[in-house]
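Undergrad: Here you go, sequence then predicted model.
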Amino acid sequence: MKINTTKSLCPKCKKLINAEIFSENNKVYMKKSCKKHGKFVCLLSSDAEYYINSLKFNKLGKKPLKYNSEIKRGCPNDCGLCPAHKQHTCIALIDVTEKCDLNCPTCYASSGTGKHLDIKTIEEMMDELVKCEGKVDVLQISGGEPTTHPEILEILKIARKKSVRMVMLNTNGLRIARDKEFVKQLGKFKGRFEIYLQFDGFKKSTFENLRGRDLRNIKFQAIENLLEQKIPITLVSTIKKGVNDDEIGAIVRFALKTKGIRGITFQPITFVGRYDKDFNPKDRETLTCVAEAIEKQTKGLFLKSDFVPLPCPYPLCCSLTYAYVKNGVPIPITRNLDMEKYYDYVSNQIAFNPKEIIKKAISRFPRAEAFESLKDFSCCIPVGKLIISKKERKDYADNTIRIVIKPFMDAYTFDIKRAEKCCIHFMLPNKKLVPFCVYNILQRKKC
């Protein structure tokens, strides 16, 4: 059954071509044909019903304060952002270095060797980002491996002085595991700071396949060092079919029992960067594969239906849930709420304030459950009243976890509709803001 038509890319020459999205046996596929390189078919979703239902959550975007590019050749060749882009920047990434102390076979950036970005340029990039956004929701300091940058602490200090709600340090954790003094310095960044820690599972074979070496002890030591300094952590798990898709539930359970882990982001592997061969595009991990695995492997602690589309990007770009954790047991916030009622009240941002939603919705829904904002990404907690005590707010903040499923695109799955509404952007040294997937597929140079 035909679901939609769009523009995609030829996986070989990367030229823009027509594509059709269709369902077959309750799965969703994309098919397309390049005059030079032939036909291509790839899997988009393991659940057609979930995929189609998600489309109704497409919300009008918000314009940035400033555009850094003009419309000339059309999407995706005018990124900067250009005035045709349909969403502002919710998460901005700055790659402060091309260097990395790992050589992961699956690295989307092909990081390893290369140069560090000078601190003057980095600060200019931050300032330009603020000009485009006014108040930046989330700034991720990334790379390469950013902790290899000799001035990484100064970079973080500068970032925290800018108009940014949340600063994240994206890291593989090697230095954090080995350098306790460095972690102590990170511990001084109280509030509005979080570690985005690469964490793929528990098996030796998982790390050898995805990272090229056994990193289990390093990961656990890194987590221990961070928790010692009370630094919030989000675990970021690359999920590869047949490698660690059987560990998804174990990762969730580990996070639930480890106070200080505030979130998990599951990223089904994409065929970009160093991992661009030896795969079957019709047999891959998808957003719904991960959601189904979470339900099955946690024995219903979370259900697939608990995961709802994030409203700021294109609705097929990301699904998430929040849960209040009590005695190690999660209470998913989205399970007993009709989220469609509230989507009109959600701002076009990642770090939205749920209290604003309730203030707008309470007149329309007199018995609506009340919510309180939290100190990081924000979360909706049903408390039965609008005003709760400071002690209760802290309890919710300390015992709430978010789980995000984020399938980035590659040339096989590229959908121009998703690219046009992307809200995760790289800020480049040339002051251009480029959507994450567009940059990795079309613009990033291998180190």
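TA: Yep, that arrived.
Undergrad: pLDDT of the helix or strand Gly263 falls within, averaged?
TA: In the assignment (DSSP states H and E), Gly263 maps to strand 261-268. The pLDDT scores in strand 261-268 average 96.
Undergrad: Grab the nearest non-local neighbour of Met125.
TA: Met427 (4.9 Å; Cβ to Cβ, 6 or more residues apart in numbering). C-betas here are computed from N, CA, C, even on glycine.
Undergrad: if I read this right, that neighbour contacts Leu129, doesn't it?
TA: Yes - under the criterion of Cβ atoms under 8 Å, Met427 makes contact with Leu129 at 5.1 Å.
Undergrad: between those two, what contacts are shared?
TA: Common neighbours of Met427 and Leu129, counting by Cβ atoms under 8 Å, 6 or more residues apart in numbering, are Ala92, Ile94, Leu433.
Undergrad: Now rank those by neighbours and give me the top one.
TA: Using other Cβ atoms under 10 Å as the neighbour criterion, Leu433 leads the shared contacts of Met427 and Leu129 with 28 neighbours.
Undergrad: Now for it: which residues touch it?
TA: By Cβ under 8 Å, 6+ apart, the neighbours of Leu433 are Pro64, Asn68, Cys79, Gly80, Leu81, Thr89, Ala92, Leu129, Cys132, His425, Phe426, Met427.
Undergrad: Closest one to Cys100 out of those residues, please.
TA: Taking Cβ to Cβ as the measure, Phe426 is the one of the contacts of Leu433 closest to Cys100, at 16.6 Å.
Undergrad: The closest one contacts Val96, correct?
TA: No - Phe426 lies out of contact with Val96 (Cβ under 8 Å); the separation is 11.8 Å.
Undergrad: more crowded one of the two?
TA: Val96 (28 against 23).
Undergrad: Averaging pLDDT per element, find the lowest-scoring helix or strand in this structure.
TA: Lowest on mean pLDDT, DSSP states H and E among the helices and strands of the chain sits helix 354-361, with a mean of 44.
Undergrad: now the helices: where do they sit in this protein?
TA: 48-54, 119-133, 152-161, 174-178, 180-186, 204-211, 216-228, 248-257, 287-297, 354-361, 390-398, 416-420, 436-438 (DSSP state H).
Undergrad: what does the second one rub up against?
TA: By Cβ under 8 Å, 6+ apart, the surrounding residues in contact with helix 119-133 are 64-68, 81, 88-89, 92, 94, 96, 136, 139, 151, 154-155, 158-159, 162-164, 427-429, 431, 433.
Undergrad: Distance from the chain centre to that helix, please.
TA: Relative to the chain's own centre, helix 119-133 is displaced by 21 Å; criterion: Cα atoms, centre = their mean, to the nearest Å.
Undergrad: Then the last one?
TA: Its chain's C-alpha centre lies 12 Å from the corresponding centre of helix 436-438 when counted by Cα atoms, centre = their mean.
Undergrad: Quick check: which helices or strands does it pack against?
TA: helix 416-420, strand 424-427 (3 or more Cβ pairs under 8 Å, 6 or more residues apart in numbering; DSSP states H and E).
Undergrad: avg pLDDT for it?
TA: Across helix 436-438, pLDDT averages out at 96.
Undergrad: what do you get for the second one?
TA: Confidence for helix 119-133, expressed as mean pLDDT, is 97.
Undergrad: wait, Phe22 sits on Ile3?
TA: Yes - using Cβ under 8 Å, Phe22 is in contact with Ile3, at 5.9 Å.
Undergrad: how near is Ala411 to Ile424?
TA: For Ala411, the distance to Ile424 (Cβ to Cβ, to the nearest Å) stands at 18 Å.
Undergrad: and what of Gly263?
TA: 15 Å.
Undergrad: Gln221 too?
TA: Going from Gln221 to Ile424 by Cβ to Cβ gives 30 Å.
Undergrad: Repeat that for Glu194.
TA: From Glu194 across to Ile424, the span is 16 Å (Cβ to Cβ).
Undergrad: show me the contacts for the residue sitting nearest the centre point of the chain.
TA: In the chain, the centroid-proximal residue (Cα atoms, centre = their mean) is Lys406; its distance is 5.3 Å. Contacts for Lys406 (Cβ under 8 Å, 6+ apart) come out as Thr265, Phe266, Gln267, Cys317, Cys318.
Undergrad: For the strand holding Gly263, buried residues please.
TA: The neighbour-count check on strand 261-268 (16 or more other Cβ atoms under 10 Å) flags Ile261, Arg262, Gly263, Ile264, Thr265, Phe266, Gln267, Pro268 as buried.
Undergrad: Sheet partners, orientation included, of it?
TA: strand 233-239 (parallel), strand 400-405 (parallel) (DSSP bridges).
Undergrad: closest to Lys115 out of the ones you listed?
TA: Among those, strand 233-239 comes nearest to Lys115, with 24.6 Å by Cβ to Cβ.
Undergrad: Return the distance of the closest one from the chain's centre.
TA: 9 Å.
Undergrad: who's in contact with that strand?
TA: Strand 233-239 is contacted from outside by 106, 168, 170, 194-201, 210, 223, 226-227, 244-245, 248, 251, 255, 260-269, 285, 290, using Cβ under 8 Å, 6+ apart.
Undergrad: Buried ones among the residues you listed?
TA: For these, a burial check counting by 16+ other Cβ under 10 Å picks out 106, 168, 170, 194-201, 210, 223, 226, 244-245, 248, 251, 255, 261-269, 285, 290.
Undergrad: Looking at the contacts of Lys406, which one is closest to Ser45?
TA: Ser45 has its nearest neighbour among the contacts of Lys406 in Cys317, at 12.4 Å by Cβ to Cβ.
Undergrad: What about that closest one, how many residues nearby?
TA: 25.
Undergrad: ditto for the one 3 residues further on
TA: By the measure other Cβ under 10 Å, the count of residues near Leu320 is 19.
Undergrad: Quick check: it touching Ile333?
TA: No - the criterion here is Cβ under 8 Å, and Leu320 misses it with Ile333 at 10.3 Å.
Undergrad: picking up where we left off before, neighbour-wise, which of Gln221 and Ile424 wins?
TA: Ile424 (23 against 17).
Undergrad: Next one: the more buried one from Ile3, what distance?
TA: Ile424 sits 24 Å away from Ile3, going by Cβ to Cβ.
Undergrad: got it, and Asp214?
TA: Asp214 is 42 Å from Ile3, by Cβ to Cβ.
Undergrad: Looking at these two, which one has more neighbours?
TA: Neighbour count, other Cβ under 10 Å: between Asp214 and Ile3, Ile3 has more, with 18 against 13.
Undergrad: what's the closest non-adjacent residue to that one?
TA: In this structure, Ile3 finds its nearest non-sequential neighbour in Ile21, 4.7 Å apart by Cβ to Cβ, 6+ apart.
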